[in-house]
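Provided below are the primary sequence and the corresponding predicted coordinates.
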Amino acid sequence: MNRAGELYACLYAKEFPAQAVLRLRPEMKERPVVVIEGEPPLQTVCSFNAKARYLGIVRGMTKVELDTFSSLIVLPRSRTEEVSTHAVMLECAGAFSPRVEDRSGGSAFLCMIDIAGTEKLLGPPEVLARELLRRVRALGVSASVAISRNFYAALSYVRGSSSRISFIAPGNEGPALAPLPLKVLDVSSQHAETFALWGIRTLAALAALPEKELIARIGQEGKRLRQLARGELPHHFVPYEAAFELQERMELDTPVEELERLLFVVNVMLEQLIFRVMARVLALASITITLSLEGNATHARTVRPAVPTNDRPLWLKLLQLDLESHPPLAAILAVTLTAEHGSTSKVQLGLFSPQLPEPMRLDVTLARIRALVGDGCVGSPVLRDTNQPDGFRVEPFKIPLAPSVHSSSPATVGSSAAMRQLRPPERTWITLRDRQPASFVFRDRKYEVEYAYGPWLAEGDWWNRQTWALEQWDLIGRSSDGAMLCCCLVRDLKEQSWQVVTLYD
């Protein structure tokens, strides 16, 4: 019943609600932890870790019963963290094969990975299983893997086996499943009661029943269950497809007001984001931190360094500096990190190109400057499509991935002048003769105009209220003590005012 080309790996993580909560709380993993759900005071245990199981914790215990355990940590169930961890697990499985089917349900995570034909790329099935578990452990989740040529044989075996890695040899599906209890199959309560009356408690006993007599008594469902017990039921694979999203969310146990406590949580979340993006040979290009505050308010900030990087101390420092300059206005209840990925390619410089500063020092320095002068005052100037003076905008500074190529031409030998832009422009008083500047006063000193070049007229934005019309002159003036001044004067034709906007050295 199994096609020769099939091979499946079943990834199984039990007590998933507890593992999802503890994934971003590594300091609690060495202590007994239970997760409760429901409305107070009717909350009951829905999941727990292994150390809590050793204390005698069982599913369904009430909050009052848990109070008798002094060393127990009780946490509320977080559906959002479960959804986030579920997506991370499927993303990890997708790194080994593009064909992944999600079979999760109840309090366990379970997915099937079609690994047929991956031996030359990822090695034998046992090697693939060890590498898969290593990556899952790095994500903070404990799981097990079963490999078989039959889809349902791997699924049933991983539910009933205590081994971390199991491999069912081709043709040995029935004997491998024989000692497992009947509960590893999806048996309805009605059929489970019937099998209990018949004394059927293992898959071996179910597989030994005659097929025709079983169908006559419980219908076609009996045939399906018998095939499951023998490891012979075929399956039509339904791949799971999801977009690659870099997001981590954590709901805090208590409201947080201090930035240091918040950064401790963010550090763990950054570690998970970097591990996930490095698995795809990518880097983090930007991170948006969204803080859920008391009073149903949110506070979101985006940090984007000059080049994509996976340097965790750098990201932590940039987030710290940004939150120090833009602190939240209330206590923090939950933290969400959303990242964009970028290329990990290095910047290629020419042999005689100037050395760029170290990325971490550059980004931290820019963040400190932004905290002093404002977000919109740091970056790279980009000209706008206008002739208006100071017609530019500031964009975030980015290092080009490749040096720009310009046509080589011999340098022009000759004198050059430096231009100093005055911001803001300084008002001046000017005397006109025959509609041309004859003299002007600048910084309490009068200058007689020796040479005047202009005027150059420019206007624009007639379609809105910020319309402008300017008359520009380049002047060379000399004061009474012989001092010379070369400058650019602009006349605002709407306000009939003169300003000095540029000095030439």
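Right, received. Where do you want to start?

Kindly check the end-to-end length of stretch 53-70 for me.
End-to-end distance for stretch 53-70, by C-alpha to C-alpha, to the nearest Å: 15 Å.

got a list of contacts for that stretch?
32, 34, 36, 40-48, 71-72, 74, 107 (C-beta atoms under 8 Å, 6 or more residues apart in numbering). Every C-beta, even on glycine, is put in place using the N, C-alpha and C of the backbone.

With stretch 308-318 instead?
263, 266-267, 270-271, 274, 277-278, 282-285, 287, 303, 305, 341-344, 359-360, 363-364, 367.

List the buried residues for that stretch?
Buried residues in stretch 308-318, counted by 16 or more other C-beta atoms under 10 Å: Pro308, Thr309, Asn310, Asp311, Leu314, Trp315, Leu316, Lys317, Leu318.

pLDDT (mean, whole number) over it?
For stretch 308-318, mean pLDDT rounds to 91.

what's the burial count for Gln499?
18 (other C-beta atoms under 10 Å).

Contacts only, for the residue nearest to it when sequence neighbours are not counted.
Once flanking residues are discounted, Gln499 sits nearest to Pro425: 3.9 Å by C-beta to C-beta, 6 or more residues apart in numbering. Listed by C-beta under 8 Å, 6+ apart, the contact partners of Pro425 are Val490, Gln499, Val500, Val501.

Next, the first one: secondary structure please.
In other words, Val490. strand (DSSP: H, G, I helix; E, B strand; the rest coil).

Could you check how far the residue nearest to Gln499 is from Leu383?
Look at Pro425 and Leu383: by C-beta to C-beta, to the nearest Å, they are 19 Å apart.

again with Ala208
Separation of Ala208 from Leu383 (C-beta to C-beta) stands at 83 Å.

what about the two, which has more around it?
Taking other C-beta under 10 Å, Ala208 and Leu383 do not tie; Ala208 has more neighbours (13 against 8).

Relative to Ile115, how far out is the more buried one?
Counting by C-beta to C-beta, the separation of Ala208 from Ile115 is 31 Å.

quick one, phi psi at Thr62?
Dihedral pair for Thr62: phi -90, psi 170, per degrees, to the nearest 10.

same deal with Gln247?
The phi/psi pair for Gln247 (degrees, to the nearest 10) reads phi -150, psi 140.

I'd guessed it sits against Thr338; true?
Yes: with contact defined as C-beta atoms under 8 Å, Gln247 reaches Thr338; the gap is 4.9 Å.

for the protein, longest helix please?
The single longest helix within the chain, with elements called by DSSP state H, is helix 259-278.

Pull out the buried positions in the helix or strand just after that one.
Heading C-terminal from helix 259-278, the first helix or strand you meet, by DSSP states H and E, is strand 283-293. Buried residues in strand 283-293, defined by neighbour count with 16+ other C-beta under 10 Å: Ala283, Leu284, Ala285, Ile287, Ile289, Thr290, Leu291, Ser292, Leu293.

Could you check how far Ala138 is from Pro17?
21 Å.
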